[in-house]
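Colleague: just the structure for this:
(4 chains)
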Protein chains: 2
Amino acid sequence: MVRKPTSKETARKPNMREAILVAAEELFATNGFNAVSVRDIAQAAGANPGSVTYHFKTKDGLLLEIYRRHCGPMNLRRSELLAAARRVRDLQDRLEAIVRAYVVPAFTSGSDLAGGGARFTRLRAVMSAEGNEVARKIIAQTFDDTSHAFIDAVHESLPQIPRTDIVWRSHFLLGALYYSLVTPDRVSRLSRGEADGSDAASAIEQLVQATVAAFQAPALDQAAPARRRPVVGSKI
Amino acid sequence: MVRKPTSKETARKPNMREAILVAAEELFATNGFNAVSVRDIAQAAGANPGSVTYHFKTKDGLLLEIYRRHCGPMNLRRSELLAAARRVRDLQDRLEAIVRAYVVPAFTSGSDLAGGGARFTRLRAVMSAEGNEVARKIIAQTFDDTSHAFIDAVHESLPQIPRTDIVWRSHFLLGALYYSLVTPDRVSRLSRGEADGSDAASAIEQLVQATVAAFQAPALDQAAPARRRPVVGSKI
DNA sequence: TGATCTTTTGTACGATAGTACAAATCACAT
DNA sequence: ATGTGATTTGTACTATCGTACAAAAGATCA
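Modeller: Presented below is the predicted three-dimensional model:
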């Protein structure tokens, strides 16, 4: 259904501002922040470079707006799913539901288009890798609450595991999640075509299954108390 | 021991070429490829911008040389450790040894300085996130053999798990490994100071423990055959 | 239609990017 | 001491960057 645009949202093209946002998301998520120029974004969106300045003032402002419009809906979705997961009776099922509440919105949430959630999550992965300052500030103040709530929920399901271990394992989960979105082709390649790394449904199921098992692993202290371990010092 | 430099390796400073390589590694691994200028690198190495051109011709050439000097030693170390791991009798111990053979060199290997392995692995993580072309070519032709050997070894220890699942889980391992090196501070923050994300020994033990459990999880097909799963379509 | 506001276009400016290159400087064998 | 080759320095060139800004174009409503 094609809707006649109202006065407030467009002049010439049907929502040029939105087109710029989507183009920027895609380009930033694929090539990183610094590798993409404002002119690249404008061209991909079919806009004029000056139009980007008009709508978002600066390149940082554009990135900021991308985060702003995704963070809210995504965390809301996660909260809802987490609340529902907490109400699951069976402990094993509950843990799986909690993990799923964390993973699914990262792949599918998003205010608008299909794949918007995955695109934004991939963007976060790339910005995190590049140590982007704008992203770092937003992330710490927006996602840490959600992460803590997730960690607490997992910890309630696995009270015998120290919180520290759960933090590490949830960190691994986020890393695996990010990497799955960054280089899905590697999965296809290493499986010799048997798996499709860019199939979101497969990725989610595999990730949930593996993560639940990782969370349920024995705690580190009691894991292998009598074993020799290779000495590996040095801070990272 | 301070060695008198021979004519072939230096003129003014004690190995300026090496200083440039290390500085570039550090800067690229922290800020990404495009965010770092040749002038930044030269300054960090105490060199002149022209000196970078002299030794490595182009910025891409510098990145290429960084990969060249690390890939060989790291894969060699992995092969040795993997061969040793394959000889472990006990199946559970063998799986853990195999995972360790994959993880440990990523944190510690390196032709030279302490932390060189971690620095290079972090660099790979960042280049992978940025979709760097130079890196992509080298990676595919250098690390895929190692990855396949690793996957095969795991598969031998867990013959009842489909190879596809093992590929996914080893992919998650690499993602978790990368992310641990990219944002170790997040672990410290979320654990409220109880864990040190930049402690390589902890990271390795936690990662090995979690990954072994993930590999041992039941295969996806037989995991929960009678369960309803949320329908989540859409390619990434 | 004409006035007014929003959006888009086109262009320009200063800063910085990668790289080339000649001159200066060094280490070392003779 | 001097010549030679390797390395470092300094500088300059062109391209592209983010951004500013005036003019053009479109939309809206009296």
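Colleague: quick check: the residue nearest the centre of chain A vs residue B:171, distance?
Modeller: By C-alpha atoms, centre = their mean, chain A has its centre lying nearest to residue A:121, at 3.1 Å. Here residue A:121 is placed at a distance of 16 Å from residue B:171 (C-beta to C-beta, to the nearest Å). Where C-beta positions appear, they are placed from N, C-alpha and C, glycine not excepted.
Colleague: what's the answer for residue A:145, then?
Modeller: Relative to residue B:171, residue A:145 is positioned 29 Å away (C-beta to C-beta).
Colleague: give me the more crowded residue out of those two.
Modeller: Taking neighbours as other C-beta atoms under 10 Å in any protein chain shown, residue A:145 and residue B:171 compare with residue B:171 leading, 27 against 11.
Colleague: tell me which element that one falls in.
Modeller: Take DSSP states H and E as the rule and residue B:171 turns out to sit in helix B:163-182.
Colleague: does the helix ranked longest in chain A reach chain B?
Modeller: Of all the segments of type helix in chain A, defined by DSSP state H, the longest one is helix A:59-86. No. Counting by C-beta under 8 Å from any C-beta of the partner chain, chain B has no neighbours in helix A:59-86; the shortest distance is 9.4 Å.
Colleague: for that helix, packing partners?
Modeller: If contacts are counted by 3 or more C-beta pairs under 8 Å, 6 or more residues apart in numbering or on different chains; DSSP states H and E, helix A:59-86 sits against helix A:16-31, helix A:49-56, helix A:91-108, helix A:116-130, helix A:133-157.
Colleague: am I right that residue A:19 is in contact with residue A:46?
Modeller: Yes. Contact criterion C-beta atoms under 8 Å: residue A:19 and residue A:46 qualify, at 6.6 Å.
Colleague: more neighbours: those two, which one.
Modeller: residue A:19 (18 against 12).
Colleague: distance check, that one against residue A:59.
Modeller: Residue A:19 is 17 Å from residue A:59, where distance means C-beta to C-beta.
Colleague: do residue A:81 as well
Modeller: Shown here: residue A:81 relative to residue A:59, a distance of 34 Å by C-beta to C-beta.
Colleague: now do the same contact list for the residue nearest to residue A:196 when sequence neighbours are not counted.
Modeller: Spatial nearest neighbour of residue A:196, chain neighbours left out: residue A:188 (5.9 Å); criterion: C-beta to C-beta, 6 or more residues apart in numbering or on different chains. With contact set as C-beta atoms under 8 Å, 6 or more residues apart in numbering or on different chains, residue A:188 has these partners: A:195, A:196, A:197, A:198.
Colleague: pick out whichever of those residues sits closest to residue B:76.
Modeller: residue A:197 (28.1 Å; C-beta to C-beta).
Colleague: who touches that closest one in this structure?
Modeller: By C-beta under 8 Å, 6+ apart, the residues touching residue A:197 are A:180, A:183, A:184, A:185, A:186, A:187, A:188, A:191, A:203, B:171, B:236.
Colleague: let's see if you can find the most crowded of these.
Modeller: Within the contacts of residue A:197, residue A:180 tops the neighbour count with 31 neighbours, counted by other C-beta under 10 Å.
Colleague: hang on, isn't that one packed against residue A:205?
Modeller: No. Counting by C-beta under 8 Å, residue A:180 sits too far from residue A:205 to count as a contact (11.7 Å).
Colleague: ok, now which ones touch the residue nearest to the centre of chain A?
Modeller: So residue A:121 contacts A:106, A:107, A:177, A:178, A:181 (C-beta under 8 Å, 6+ apart).
Colleague: let's see it at 10 Å
Modeller: Residue A:121 makes contacts with A:29, A:70, A:74, A:103, A:105-110, A:174, A:177-178, A:180-182, B:236, as judged by C-beta atoms under 10 Å, 6 or more residues apart in numbering or on different chains.
Colleague: again, but for residue A:32
Modeller: A:123, A:126-127, A:129-130, A:132, B:32-35, B:126-127, B:129-132.
Colleague: stretch A:30-47 spans what distance, first to last residue?
Modeller: Stretch A:30-47 has its terminal residues 20 Å apart, counting by C-alpha to C-alpha, to the nearest Å.
Colleague: is the residue nearest to residue A:173 when sequence neighbours are not counted in a helix, a strand, or coil?
Modeller: Nearest non-adjacent residue to residue A:173, counting by C-beta to C-beta, 6+ apart: residue A:211, 4.9 Å away. Using DSSP: H, G, I helix; E, B strand; the rest coil, the structure places residue A:211 in helix.
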